[in-house]
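Q: sequence first, then the predicted structure:
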Amino acid sequence: MSMVTGGMTADGQLAIATYPERVKAMNARRNPLVSIAVMGEEFNSEWVQIDGTATVMDMPAASDGLVAYYRSISGEHPDWDEYCEAMVDQGKCLILVAPTRWSPVSRGGFPPSLFADD
């Protein structure tokens, strides 16, 4: 399993920017049925497992999806042409995951008994 960052697109897919040579991209091409653990902001935060079907898109077809990915995590870019050119220059690809199911949200954290007052 690989650690990734991602964002949700307007149509409800999880978007992950990566490189075609990365194991996550190669595995998703080999078997598009994937599972992703989505963690909260802190190590001790809630988390949920998302299962879904992945599609790996290479440039130039990935360009619009990479824009949607960027918007979902950072908002508007000051120069979209520059951003798209950088994605081409870096040889990026995009993994889109269409969720098919998810687990209940885990509340995570340490059990309260570890911090009981004596």
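A: Ah, there it is.
Q: mind listing the strands for this structure?
A: Taking DSSP state E as the test, the strands found in the chain are 7-8, 14-18, 33-39, 47-58, 93-102.
Q: dump these to a markdown table, plus mean neighbour count, mean pLDDT and distance to residue 83.
A: Bear in mind the C-beta positions are built from the backbone N, C-alpha and C, glycine included. Shown next, in a markdown table, are these (neighbours: other CB atoms under 10 Å; pLDDT from 0 to 100; distance: least, CB to CB, whole Å):
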| stretch | mean neighbour count | mean pLDDT | distance to residue 83 |
| --- | --- | --- | --- |
| strand 7-8 | 16 | 90 | 14 |
| strand 14-18 | 22 | 94 | 11 |
| strand 33-39 | 15 | 90 | 24 |
| strand 47-58 | 16 | 93 | 16 |
| strand 93-102 | 18 | 95 | 13 |
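Q: residue 73 is nearest to which of the ones you listed?
A: The closest of the strands of the chain to residue 73 is strand 7-8. By CB to CB, the value is 4.0 Å.
Q: could the strands of the chain be laid out in JSON lines, adding distance to residue 26?
A: What follows is the strands of the chain, written out as JSON lines (distance: least, CB to CB, whole Å):
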{"stretch": "strand 7-8", "distance to residue 26": "22"}
{"stretch": "strand 14-18", "distance to residue 26": "10"}
{"stretch": "strand 33-39", "distance to residue 26": "12"}
{"stretch": "strand 47-58", "distance to residue 26": "9"}
{"stretch": "strand 93-102", "distance to residue 26": "10"}
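Q: thanks a lot, see you next time.
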